[in-house]
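S.K.: model this:
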Amino acid sequence: MRKLLLGMIAFLLFLTACKDETKKETTATEPAAGETKAQPAEFADAKYAQLGKDGLAALSSGDIDKWSANWADNIVWQWNNGDSVAGKAAVVAYWKDRRANVIDSITFAQDIWLPVKVNQPQQNEAAGVWLLSWYAVNAKYKTGKRMMQWIHTVQHMDANDKIDRVIQYLDRAPISAAMAK
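M.R.: Residues are numbered from 1 along each chain as shown. As a prediction, this is how the structure comes out:
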């Protein structure tokens, strides 16, 4: 799995690094001499990767208040199955309940972080900074059972560098099995 993720990242780096070296005629939509045209997407500042790492450390320690300090008031947390929680107060309540009553301990390993700045949205994604991450999760539930899986998380930052959207891609089956009594 890690080789696949590293391959995907290498491919993204390759696409970003490739430039059309052929000379083009200047048109009204192209930059004037001496200017550079913004790429549709580019690497963002590494500070966003650190923000993500700090968030996982806070979640692991059970400090939801510290973790949520970087969330926007209008945050939407969405999962790949279509479920979602909207609003900072609701998302904080959700995770405080999970950490206090459902998850006994949780650790993260083999994490990969890719901060990307989208200058020109391609479809319906928002412009701005997105933090892509992949990590192995090892959680022990209050039932005494464990759950281990890879999770992919996508986070969007608003104009104030607050997280306003989180999309998590995970497999619910091992989570449900670990929660079963």
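
S.K.: Enumerate the positions of stretch 137-151 that are buried.
M.R.: In terms of neighbour count (16 or more other C-beta atoms under 10 Å), stretch 137-151 has its buried residues at 137, 139, 141, 147, 149-150. In short, each C-beta sits where N, CA and C put it, glycine included.

S.K.: Apologies, that question was intended for stretch 94-101.
M.R.: 95, 99.

S.K.: chain center to that stretch, what's the gap?
M.R.: Its chain's C-alpha centre lies 20 Å from the corresponding centre of stretch 94-101 when counted by C-alpha atoms, centre = their mean, to the nearest Å.

S.K.: got it, and stretch 39-49?
M.R.: Here stretch 39-49 is found 13 Å from its chain centre; the criterion is C-alpha atoms, centre = their mean.

S.K.: what does stretch 64-77 give?
M.R.: What separates the centre of stretch 64-77 from the centre of its chain is 13 Å, taken as C-alpha atoms, centre = their mean.

S.K.: so what's residue 65 up against?
M.R.: By C-beta atoms under 8 Å, 6 or more residues apart in numbering, residue 65 lies in contact with residue 92.

S.K.: go with 10 Å
M.R.: Residues in contact with residue 65 (C-beta atoms under 10 Å, 6 or more residues apart in numbering) are 58, 92, 96.

S.K.: so how far is residue 107 from it?
M.R.: In this view, residue 65 and residue 107 are 20 Å apart by C-beta to C-beta, to the nearest Å.

S.K.: so what's residue 14 scoring on pLDDT?
M.R.: For residue 14, the pLDDT comes out at 46.

S.K.: do the same with the one 5 residues further on
M.R.: Residue 19 is assigned a pLDDT of 45 by the prediction.

S.K.: Name the nearest residue to the residue nearest the centre of the chain, ignoring sequence neighbours.
M.R.: By C-alpha atoms, centre = their mean, the chain has its centre lying nearest to residue 154, at 2.6 Å. Spatial nearest neighbour of residue 154, excluding adjacent residues (C-beta to C-beta, 6 or more residues apart in numbering): residue 167 at 4.5 Å.

S.K.: hmm, back to that, closest one of the contacts of residue 65 to residue 50?
M.R.: If you rank those by distance to residue 50 using C-beta to C-beta, residue 58 comes first, at 12.5 Å.

S.K.: Backbone torsions only: list them for that closest one.
M.R.: phi -70, psi -40 (degrees, to the nearest 10).

S.K.: my read is the residue nearest to residue 154 is in a helix, agree?
M.R.: No - counting by DSSP: H, G, I helix; E, B strand; the rest coil, residue 167 is located in no helix; its state is strand.

S.K.: Good, wrapping up.
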